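Student: Quick one, fold the following:
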Amino acid sequence: MDSNLMSLLGYCDKAATAREEPKGLINLEVLDLTLNFINSSILSSLGPFSKCLKHLYINSDLEGSIDIKDAKSLKNVRDFDVAVNNSVLLQQSLSLLPSLKTLDFEFDIDGYYDREEIILELRNFTNLEELNLETIDLPINFIEEVGELTSLRVFSLSGSTMISVNLSTQGLVQLKSLESLDIEDISLQNSFIEKIGALTSLKILSLTNCGLSGTLSTQDICQLTLLKKLDIRKNKLRGVLPDCLSNLTFLEFLDLSSNKFSGNIATSPLESLTSIQYIDLSNNQFQIPSSLKPFFNHSKLKYFHGNNNYKYTDIELHSLAPRFQLNAISLSCCGDAGPLPEFLIHQCELQSVDLSNINLTGEFPSWLLGNNKELNRLFLINNSLSGNFQLTFHSPMKLLELDISNNFFDGHIPVEIGVCLPALMLLNISINSLDGSIPTSIGDMKLLQRLDLSNNRLSGVIPENPATCCFSLKILALSNNRLQGQIFSANLNLTNLEELYLAGNNFTGLIPNSLSNCSGLSEIDIGYNHLSGRIPRSIANMLVLEIFSMPNNHIEGPIPMEFCQHDKLGVLDLSMNNISGTLASCFGSKQNNHIHLSKNRLQGPIPKSICDSYNLVTLDLGDNQFTGNIPTCIGNLSELHFLVLKQNNLEGSIPQSLSNLKEIESLDLSYNNLSGSIPFPFVELYALAYFNVSYNNLSGRPPPRTAQFATDFDENSYWGNPFLCGEPLPKNCSTPSKEPTEDGEDAGLMDMESFYVTFTISYVIVLLSIVAIL
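Tutor: Purely as a prediction, here's the structure:
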């Protein structure tokens, strides 16, 4: 036993043995040694505490053996929590604790017979009232043996992963005193729930993610009239709710989420369950009236969740106020809910509201914020709300999350927003029609972590205050507005910033070096602006970058060599700039997924190191001045879907290895100086949807007219190659062609080199003939 643990238990002398009497804690009743590195000898060491010790928690993987003689005095322990992976050790442990009333252990034992012996051992605990098991396997007769524990009131069984066992109810129905049954991540037969009605003392029934299917029979759950909690989420149950559910008049908690139930809630038995406090109907096929009128008499209702069902507008009784005061409501998706429900006007205890994706109409409900001082979350995403976005000084100071994105709000962002909502951690008002400038009061939101104002009509500059005072900001999204000026000043102090999106504005000037203050930036998108100058080397040194996107600016100069050090960079988009120079010989890393460098002034050869990016999906180097051959190793990029090398000065043959790109969808090699033939194995690139090799010096025949090459690629894919002939080109071949050789050249047709030699000789002969005549 560890000396620190010995000291804790009262053994003052570090050299003391486990048999010495402790000098303190002799009246200890509760001992929790969870998450310690201990072996089974700890049980022998606890003998001196036997008189008072009643609760023992050793949730660790015990090993070794137990000295029964020293540990048998633990007979007064009533609550035992242990994780085991040794069946003999578990049997020894259980045999020492005859007074147990609560047993909680993690059951991870290999071997069928060991499991059988453990289950038989459980039969001896005739006084056991609570049994909680976490297991990865069970013997078939498990439930029958548990049925011997007639004093059991609470039974919980869960799997660390979804496992399938053939649990019958034959033994379970004997547990007449059972009040709580909780089974999770254990695959059950449908017959299990059909006989559950025999457990008439049940107050809590939870069968979560158990693979149950079919409908709810009137002979099972409906007989459990004492139920207070019913949780059957994450199954495959279907059909309408049986009318007999109205018998469960004591029901306080109901979770039917993630099934396939259907029917109109307005005519369901839920209207009779007036004791209900919590309802979750999410992820089903119910029809739910947005007014919640069927629940107006449920005075105890606090939580209502109906996400991912069909919402509809019904006739509201404007003068009738519901008896409930909700703490949370979520009706996100789907349907047409119409105007904001009238019952919300009468709510003053709301803490969380999510009415997203249901086509709500009307104006921003500033009154909802004013009436609910405890409101901390308001989501009205993707609706048809319109008008001005207005706040009052009576807005809840505790509001943490506000998302009203994808609506039709217009006008200015309230100037006082930072004063009214100082505790905000998330503010998303993107995809609206808001105009004007960004309020400086946003800088008063010291806890703000995500700010998204993108896709509006905002103008002006980024104010200094938010850029220097929102210390907690992790995500800043201002894309697709009309903002201008420099991106940030030298005082930028967003040291926790992780994602920056400023694309689609009118920003000018240089990329500020102050961005390097944001050393944790993983995503930068500043494309489609008017930025100029070079890429600062300080930004290239941000080694946690995963996305760096700045297309369509006026950036010039070379790509900093520091990008070679980026082992996390997945997306690099520098297209449509004035970048020049060559790609470093070290360019490319294994994490690169998408490289876009098109429409620049890059030159020199394509480095072979780019083939180190074996996860590459997109490689676009088009519209540059690259020279040399296409690296044959590109054919090893098995994940490549898009390869664009058009409009460069590449020469040599098309590598036969490109036919290994089985995932390729788009291959564009047009407008280069490529010669030789087109590899015939290209016909086996069955994912290929776009193919263009036009305007090169290719010769021979195009690939055979089979697969997609028979229909998808016409003469436009080959145009501008004077020495290509055969279908789909109108030019016939004068001599039969042969299949290309390994290096891509066609031995049966004249290539460019042969043409130039023949042409030169003929030209000389003609000149000599003319001289001779003269």
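Student: part of a strand, is residue 369?
Tutor: No. Applying DSSP: H, G, I helix; E, B strand; the rest coil, one finds residue 369 to be helix, outside a strand.
Student: what's near enough to touch it?
Tutor: 375, 378, 391, 392, 394, 395, 396, 399 (C-beta atoms under 8 Å, 6 or more residues apart in numbering). All C-beta spots, glycine's among them, are computed from the backbone N, C-alpha and C.
Student: Give me the phi and psi for residue 222.
Tutor: phi -60, psi -20 (degrees, to the nearest 10).
Student: circling back: turn the contacts of residue 369 into JSON lines, columns for secondary structure.
Tutor: Output for these, formatted as JSON lines (three-state DSSP):
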{"residue": "375", "secondary structure": "coil"}
{"residue": "378", "secondary structure": "strand"}
{"residue": "391", "secondary structure": "coil"}
{"residue": "392", "secondary structure": "coil"}
{"residue": "394", "secondary structure": "coil"}
{"residue": "395", "secondary structure": "coil"}
{"residue": "396", "secondary structure": "coil"}
{"residue": "399", "secondary structure": "coil"}
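Student: In PyMOL, how would I select the buried members of those residues?
Tutor: A single PyMOL command is used to select the members of the contacts of residue 369 judged buried by 16 or more other C-beta atoms under 10 Å:
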select buried, resi 375+378+391+395+396+399
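Student: Show me the helices in the stretch 351-500 of the chain, by range?
Tutor: In the stretch 351-500 of the chain, the helices defined using DSSP state H, counting those that start in this stretch lie at 366-371, 417-420, 464-469.
Student: sorry, that was for the chain
Tutor: For the chain, applying DSSP state H gives helices covering 3-8, 41-45, 68-71, 87-95, 112-122, 142-146, 190-194, 366-371, 417-420, 464-469, 537-540, 752-773.
Student: what is the mean pLDDT for the first one?
Tutor: Put plainly, it is helix 3-8. Per-residue pLDDT over helix 3-8 has a mean of 48.
Student: again, but for stretch 709-726
Tutor: 93.
Student: Could you tell me the end-to-end distance of that stretch?
Tutor: Stretch 709-726 has an end-to-end distance of 13 Å (C-alpha to C-alpha, to the nearest Å).
Student: need the strands for the stretch 551-700 of the chain, in chain order.
Tutor: Counting by DSSP state E, counting those that start in this stretch, the stretch 551-700 of the chain has these strands, from start to end: 554-557, 571-573, 578-582, 594-596, 601-605, 618-620, 625-628, 642-644, 649-652, 666-668, 673-676, 690-692, 697-700.
Student: oh, I was asking about the stretch 401-550 of the chain
Tutor: 401-403, 408-412, 426-428, 433-436, 450-452, 457-460, 475-477, 482-485, 499-501, 506-510, 523-525, 530-533, 547-549.
Student: Let's have these in TSV, adding mean pLDDT.
Tutor: Listed next are the strands of the stretch 401-550 of the chain as TSV, based on pLDDT from 0 to 100:
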stretch	mean pLDDT
strand 401-403	97
strand 408-412	97
strand 426-428	98
strand 433-436	97
strand 450-452	98
strand 457-460	97
strand 475-477	97
strand 482-485	96
strand 499-501	97
strand 506-510	96
strand 523-525	96
strand 530-533	96
strand 547-549	95
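Student: how about those strands, which one is nearest residue 579?
Tutor: For residue 579, the closest of the strands of the stretch 401-550 of the chain is strand 530-533, at 11.5 Å, according to C-beta to C-beta.
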